[in-house]
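J.: Pasting a predicted model and its sequence here:
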Amino acid sequence: MSKNCSFGYQAWIKSQPSKFLPKVTGIDCFALEECKRGLSQLGDKENDTTVTLALSQELSSESYTLEGSPGNLRIEAGCETGLLYGVYGFLFRLRIGESIESISASEKPAVSMRILNHWDNIDGSVERGYSGRSLFFDNGQIGYDPDRLRDYARLLSSVGINQISINNVNVTLESAKLVTEEKLPDVAKIADIFRPFGIKLIIAVHFESPILLGGIKTADPLDDKVAKWWQETAATVYRYIPDLAGFLMKADSEFRSGPASIGRTQAEGANVIAKALKPFGGTIYWRCFVYNCMQDWRDTKTDRPKAAYDYFYPLDGQFDDNVIVQIKHGPMDFQVREPNSPLLGAMSKTKQGLELQIAQEYTGQQIDLYATSTQWEEILNHPVTDNRNTRDLINQEVKAIVAVSNTGNDDNWTGHLLAQANLYAFGRLAWNPSLTADQVTKEWIALTFGNEPNILNPLLDMMLKSRLVYEKYNAPLGIGWMVNINHHYGPSVDGYEYMKWGTYHRANNTAIGVDRTQKGTGYTMQYQPYVQNLYENKDTCPENLLLFFHRLPYDYKLRSGRTLLQYIYDTHFEGVEDVESFIKTWNSLKEYMPEEAYVQVKKRLDAQLENAKEWRDVVNSYFFRKTGISDEKGRKIYE
Ligand code: GCV
């Protein structure tokens, strides 16, 4: 049985059991059961209401309407999954205190593919997972708690997520086998759990599977035997899971093989699988995270952020129509601040997926508070041309919104209780990218803790500030990467500096940053002219990205009049003070919070404070040692 504790398995759809038996009528389907279930657990409010569920041919698939009147609520949708979304939408509105008769809504998802990628390994570990172990795998095999998985499916469906990949994109021999007859019966059982919730499975596959599993000598996408192997594999997989959404591929990336390693293009690599999936309606999600991870740090010509565009842009028009090229939002790798990838929106004849990361790999690992929604709002607002931003690409060039999941088998799913808000926000923003971070965070707080202003206002304020606070004590002004190598938590200013990963700040005793302008690495030239001009020029470049695009002396004057160096000192001191004020805010909420929630978050905030101090001292000392210049305000910097 699922745990019913208030902050446990039910998360924002947590229940308060009651004896109230609602009248729910209409089409007999899973959504109707979910509606009864949800209402019966909602408390004793509105107990003389009749809820009616009906399909409507006028509504497109997945969209729904809610129409309340005294004693009645009508949910209409274009398909059964739409009804389910309508049910959750209705329950959410009730939960945050709307009265049935005032409910009136018409909802339609902005994009049809709203996807969560799990980086779960067959041994049960989760790559970049900070919330316990895998929900799908255990000890070398498929292993899960079916009740828990059903709760998970409900949680994801309640925010409109409709596809999930279950295994890590770093596919091993063991996880490559998920497409074989040996494993498919068990994978199909997972698909069965998610199906009623409108969620389809994706399987991450290995580029060399034709060799590893098929015994063929090559994985060359232009080899007939390889094409045949993928076709037969697709046919087998679809026999077990007829509604599989497709396959996901990480190729030519971080020591993984791919078409480039045998002289083929990314399009040739993707298309052979696309053709195999096509008869079954499947999609190949082909990641664009392709770069040289063996760079010599002495080489200042190669510039990692240029790689994805260099590989993929020339191939526009060559990908089959069931290929989605999945592009990380930034050209580096999920740093606290990056410009958007110039590849997003650049290819007019290629279907694209926008890849975000909910898992806080570089952003505090669910120890530090970090509301990802504020960053995503910014990503969606990022310009593509003078009159189009990234949000405008959605359902145009961008056909899928994808995120790396932050969940695991911890009781609260996400390690940090407040990180649940990030999973919630992803679903809501993928459904409706016009929502703001403020709106989705408010919704989550209201659903989770109630909407009493005493709780809502301070908590909202703290969560919305959290990303900027994290940024203050981290790597400054978009430079990124000053982090402990491999595990990515805590400061190490030169951690990546002399490594092969292409992630350099190149600080010396007078200057820091990489010149990515036309005169430098030329990266800015990958953007459309409007964005190119914005970043090319120091005076128009957003200040928080200055060191991503420009190499500047420490005495460079920022718009505030402060020097670059003083800015670094100031923000690192402020970051610690801000975390101290988060702790004060959280303490002030103690009386309104369930003990369990208070204690859990308090522990994380205390750990965050230690982390912020460590960052402050390491970063400030580093620059003091480089420059010999003290803090203008005379604060303590270790020598
Ligand atoms: C799944 C980064 C992470 C890796 C991850 C990779 C990717 O490099 O550190 O853990 O691998 O991104 O997105 O493929």
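T.: Good, I have the coordinates. Given the structure is predicted, the values throughout are model-derived calculations rather than measurements.

J.: tell me the mean pLDDT for stretch 382-397?
T.: Averaging pLDDT along stretch 382-397 yields 98.

J.: That one: end-to-end distance?
T.: Terminal residues of stretch 382-397 are spaced 15 Å apart (Cα to Cα, to the nearest Å).

J.: So for it, what gets flagged as buried?
T.: 382-384, 390-394, 397 (16 or more other Cβ atoms under 10 Å). The way it works is simple: take the backbone N, C-alpha and C, and place the C-beta from them, glycine included.

J.: now what about that stretch, what contacts it?
T.: 110-112, 339-340, 344-345, 347-348, 350-352, 354, 379-381, 398, 401, 433-434, 528-531, 534 (Cβ atoms under 8 Å, 6 or more residues apart in numbering).

J.: Identify the residues contacting residue 302.
T.: Residue 302 sits next to 292, 295, 502 when contact means Cβ under 8 Å, 6+ apart.

J.: mind checking the SS state of the first one?
T.: Spelled out, it's residue 292. Three-state call for residue 292 (DSSP: H, G, I helix; E, B strand; the rest coil): coil.

J.: Return the residues in contact with it.
T.: By Cβ under 8 Å, 6+ apart, residue 292 lies in contact with 302, 304, 307, 502.

J.: and the gap between it and the ligand?
T.: Distance of residue 292 to the ligand, given as Cβ to the nearest ligand atom, to the nearest Å: 13 Å.

J.: in which helix or strand would I find residue 169?
T.: Per DSSP states H and E: residue 169 is located in neither a helix nor a strand.

J.: Check residue 429 too.
T.: Secondary structure from DSSP H and E places residue 429 in helix 420-431.

J.: Near the ligand, which residues of this protein? Just list them.
T.: Counting by Cβ under 6 Å from any ligand atom, the chain comes close to the ligand at 119, 127-128, 169-170, 250, 253-254, 289, 333, 361.

J.: Quickly name whichever of those is closest to residue 41.
T.: Closest approach between the residues of the chain next to the ligand and residue 41, by Cβ to Cβ: residue 119, at 32.3 Å.

J.: I figured that closest one hits residue 170, correct?
T.: Yes. In this structure residue 119 lies within contact range of residue 170 using Cβ atoms under 8 Å: 7.3 Å.

J.: Now list whatever residues contact both of these two.
T.: residue 127.

J.: got the end-to-end distance for stretch 625-639?
T.: 7 Å.

J.: okay, and for the stretch 351-500 of the chain, where does confidence drop off?
T.: Within the stretch 351-500 of the chain, no stretch has pLDDT under 70.

J.: my guess is residue 67 is in a helix, correct?
T.: No. According to three-state DSSP, residue 67 belongs to no helix; its state is strand.

J.: Tell me the bridge partners for the residue nearest to it when sequence neighbours are not counted.
T.: Nearest non-adjacent residue to residue 67, counting by Cβ to Cβ, 6 or more residues apart in numbering: residue 74, 4.7 Å away. Counting by DSSP bridges, residue 74 is bridged to residue 52, residue 67.

J.: separation between residue 74 and the ligand?
T.: In this view, residue 74 and the ligand are 44 Å apart by Cβ to the nearest ligand atom.

J.: who's in contact with that residue?
T.: With Cβ under 8 Å, 6+ apart, residue 74 has these contacts: 51-52, 54, 65-68.

J.: Of these, grab the buried ones for PyMOL.
T.: Selection of buried members from the contacts of residue 74 for PyMOL, criterion 16+ other Cβ under 10 Å:
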select buried, resi 51+52+65+66+68
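
J.: want to throw the contacts of residue 74 into TSV with pLDDT?
T.: Below are the contacts of residue 74 laid out as TSV (pLDDT from 0 to 100):
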residue	pLDDT
51	93
52	96
54	97
65	98
66	98
67	98
68	95
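
J.: Of the contacts of residue 74, just say which sits nearest to residue 494.
T.: residue 66 (55.5 Å).

J.: mind listing what that closest one touches?
T.: Counting by Cβ under 8 Å, 6+ apart, residue 66 touches 73-75, 86, 89-90, 93, 103-107.

J.: wait, which of those residues is closest to the ligand?
T.: The ligand lies nearest to residue 107 out of the contacts of residue 66, by Cβ to the nearest ligand atom, at 31.5 Å.

J.: who's the closest one bridged to?
T.: residue 64.

J.: Could you do residue 357 as well?
T.: For residue 357, the beta-bridge partners under DSSP bridges are residue 404.

J.: Next, count neighbours for it.
T.: Neighbour count of residue 357, defined by other Cβ atoms under 10 Å: 26.

J.: Sketch out the low-pLDDT regions of this protein for me.
T.: 1-9, 14-22, 43-47.

J.: go again using 90 as the cut-off
T.: 1-24, 27, 36-49, 70-71, 94-100, 450-451 (pLDDT under 90).
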